[in-house]
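Q: Give me the fold of what follows.
(chains A and B)
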Number of protein chains: 2
Amino acid sequence: MKRLMTVLLAAATTLMLAGCNKDCETPAGEAAPQQTYKWKLVTSWPKNFPGLGTAPERFAKEVEALSGGRLKIHVYGAGELVPALQVFDAVSQGTAEMGHSGAYYWKGKAAAAQFFTSVPFGLTAQEMNGWIQYGGGQQLWEEVYAPFNILPMSGGNTGVQMGGWFNKEINSVDDLKGLKMRIPGLGGEVLARAGGTPVTLPGGEIFTSLQTGAIDATEWVGPYNDLAFGLYKVAKFYYYPGWHEPGSMMEFLINKDAYATLPADLQAIVRVAAKAVNDDMLAEYTTRNQSALVELIEKHHVDVRPFPADVLQTLKALSHEVVAEVAAGDPMSAKVYESFSSYRDKVKAYHAVSEQAYINAR
Amino acid sequence: MKRLMTVLLAAATTLMLAGCNKDCETPAGEAAPQQTYKWKLVTSWPKNFPGLGTAPERFAKEVEALSGGRLKIHVYGAGELVPALQVFDAVSQGTAEMGHSGAYYWKGKAAAAQFFTSVPFGLTAQEMNGWIQYGGGQQLWEEVYAPFNILPMSGGNTGVQMGGWFNKEINSVDDLKGLKMRIPGLGGEVLARAGGTPVTLPGGEIFTSLQTGAIDATEWVGPYNDLAFGLYKVAKFYYYPGWHEPGSMMEFLINKDAYATLPADLQAIVRVAAKAVNDDMLAEYTTRNQSALVELIEKHHVDVRPFPADVLQTLKALSHEVVAEVAAGDPMSAKVYESFSSYRDKVKAYHAVSEQAYINAR
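A: Residues are numbered from 1 along each chain as shown, chains lettered A, B, ... in the order given. Here you go, the predicted structure:
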């Protein structure tokens, strides 16, 4: 009813604005094409942060082009309208119609949200897209966010992240004991079980903490963002791979009431533009990360090292423990975990004869 | 000039159709929103062929939704309007406004086109997207197709294909000698140099040829399409990985004159919908391939085998030879090869510390 009123009001306004008399008709099938919508999109990233922050800007630009200017979206950096970690609440309450963030930040609202960014030893970017789009992930994600009046959509992926910057060598599992590392979320929980001390620090405090020795190590994103952050200046070793975030999917959050007021074509525009951004971000990271890695090694002589195999095996076993415990916490998490882990097992077997076999043969 | 006339004519028609008098105005910035365009899209696939053929159908549906019905695209299966391998000519000449196919089919028109689907021991799907979207690939592709009045866009990816179905065991390089295998394009050329006999057969003749022993082996796509084709019924072994097509990118072809007549918002709709389909197809194949592989193994007891390491090493060396010779053939191919191979070297180094390192540790 509310929607019908909105549409009728829009149609009436349009007719008045266009200066039409009663002979004017809106063509069949087009509900008030001239109505313009102005939306706010809040993010958890500094304004125009490379990759993560430029993606929602690109989204807003595409939506404006696709809609011929009928849907204009203003993107706010973290703290401009709401703080970085209040994006979920802002969209839920309608303070902003949209957000761009990472689902794992909302574990305090819904523990199951943690499965929708990246979990330790979980899915790669390609596999996350498979699970979300064709493996039942999208439906589960919508179910998790429904009580908050939010519709989620995939909003890009960084690909496999790096293991992080270290000032202590990691030669064995013993070297993890007592290690003070900035590593949030489930990865931090895994480190704690391995005897380390996970620390949560905002991005802006990482550099100094590493420099002063307040922390021994930190994870961040990957070569592209890490180079820009200058972390190579205050750390001795750059470890790989990023076992804790093997394919971090970002998210668009959409207030469901706001979405419902859009005509069908603008709803499609939001949905399809989000999907295009999802395609785009991984392509960008795949390209920029390689150039940044070359620069880190050739220009800044960074010592890039693999985690020893036994360290990775230990972290893997602990990761499965931690993730299974999340699943045991509540029925929704259990439901998501079942879908996620079943997909992971099957896609792992398939990629053993495709992506993995090929990339190892190349 | 031609475009201006089209727009003016469209605007005039719209006003007449809407039955408006002189007081009616088209809102600023919206060029004739009511004009409807009807396009034909020809493909190289049987109508609704799973994955490859359903992608352009999905594209057409999305474009109609995004445009509020202003751009309607009718999709034709191979042979319905033009034969499978005349898609390029049909779009070039304007018989159809769009096509969906694979660039390597057009090597007779432009040898450099072969780099824009997949080359033996080339890029994976994720890497192709990186090269096309952020590594200069798109610009080169447009340059290759410009003389034909065609604008190309990525149109989905199958991921790493399978090595194929064999009735002879491949235990050494010697087993490739005399092998009669259905394998088109550069992969076939590589097989020939290894002593085999590549055969080109349309999809419809593969099953019988394998059954009668006219061929010893065939490649097709991957588990999803191969299962549907029933190839497991007439072959003993299913080899991996698909070294010849490690991430086959499909393409949308767009007649440039037709594209130029569209208003800016419909141009954006075509471009962004194509990108969304590009994201979608890989997700679909990643999911459907894994289920199909399980069915092939568990229900049909297929013997899935890896190519021996020395066989892959030989095929790799020969592949680099064959691809370098394509590059030496003409200046445009040389230019594309330089960009492609430089990207491949860098992304390979990056994926050694990211995707590859992770997927091996998992």
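Q: Touching, residue A:43 and residue A:57? I think so.
A: No. Contact criterion Cβ atoms under 8 Å: residue A:43 and residue A:57 do not qualify, at 9.2 Å. Glycine gets a C-beta too; all of them are placed from N, C-alpha and C.
Q: Next, the spatially most central residue of chain A: phi, psi?
A: Centroid check for chain A by Cα atoms, centre = their mean gives residue A:250 as the closest residue, at 1.6 Å. Backbone torsions of residue A:250, given as degrees, to the nearest 10, read phi -90, psi 170.
Q: and the gap between it and chain B?
A: For residue A:250, the distance to chain B (Cβ to the nearest Cβ, to the nearest Å) stands at 14 Å.
Q: My guess is that residue contacts residue A:101. True?
A: Yes. Residue A:250 is in contact with residue A:101 according to Cβ under 8 Å; the separation is 7.1 Å.
Q: If you rank every helix and strand of chain A by mean pLDDT, what lands last?
A: Least confident helix or strand, chain A: helix A:2-17 with a mean of 36, by mean pLDDT, DSSP states H and E.
Q: which residue ranges form the helices in the stretch 1-150 of chain A?
A: With helices called from DSSP state H, counting those that start in this stretch, the stretch 1-150 of chain A shows them at A:2-17, A:54-66, A:87-93, A:125-134, A:137-145.
Q: With respect to residue A:176, which of those lies nearest?
A: Closest to residue A:176 of the helices of the stretch 1-150 of chain A is helix A:125-134 (Cβ to Cβ; 26.6 Å).
Q: If you count neighbours, what's buried in the closest one?
A: For helix A:125-134, the neighbour count (16 or more other Cβ atoms under 10 Å in any protein chain shown) marks A:125, A:126, A:127, A:128, A:129, A:130, A:131, A:132, A:133, A:134 as buried.
Q: cool, stretch A:157-174 as well?
A: So, applying 16+ other Cβ under 10 Å, buried residues of stretch A:157-174: A:157-168, A:170, A:173.
Q: Can you check which helix is longest in chain A?
A: Assignment by DSSP state H gives helix A:264-298 as the longest helix of chain A.
Q: what mean pLDDT does it have?
A: Averaging pLDDT along helix A:264-298 yields 97.
Q: Could you list the paired strands of the next helix or strand after it along with their orientation?
A: Sequence-wise, the next helix or strand downstream of helix A:264-298 (DSSP states H and E) is strand A:303-306. Looking at strand A:303-306 with DSSP bridges, its partner strands are strand A:237-240 (parallel).
Q: Show me what the partner strand is in contact with.
A: A:162-167, A:169-170, A:226, A:232, A:296, A:302-307, B:353-354, B:357 (Cβ atoms under 8 Å, 6 or more residues apart in numbering or on different chains).
Q: quick one, what contacts the spatially closest residue to residue A:130 that is not a sequence neighbour?
A: The shortest distance from residue A:130 to any non-neighbouring residue, by Cβ to Cβ, 6 or more residues apart in numbering or on different chains, is to residue B:286 (3.5 Å). Neighbouring residues of residue B:286 by Cβ under 8 Å, 6+ apart: A:126, A:127, A:129, A:130, A:134, A:347, A:350, B:159.
Q: and what of residue A:357?
A: Residues in contact with residue A:357, defined by Cβ under 8 Å, 6+ apart, are B:160, B:240, B:241, B:306.
Q: What distance do you get for residue A:238 to residue A:36?
A: 48 Å (Cβ to Cβ, to the nearest Å).
Q: more crowded one of these two?
A: residue A:238 (23 against 15; other Cβ atoms under 10 Å in any protein chain shown).
Q: surely residue A:45 meets residue A:79?
A: No. With contact defined as Cβ under 8 Å, residue A:45 does not count as touching residue A:79 (10.2 Å).
Q: Those two: who's more crowded?
A: residue A:45 (23 against 14).
Q: which residues touch the more buried one?
A: If you count contacts by Cβ under 8 Å, 6+ apart, residue A:45 has them with A:52, A:53, A:77, A:78, A:84, A:100.
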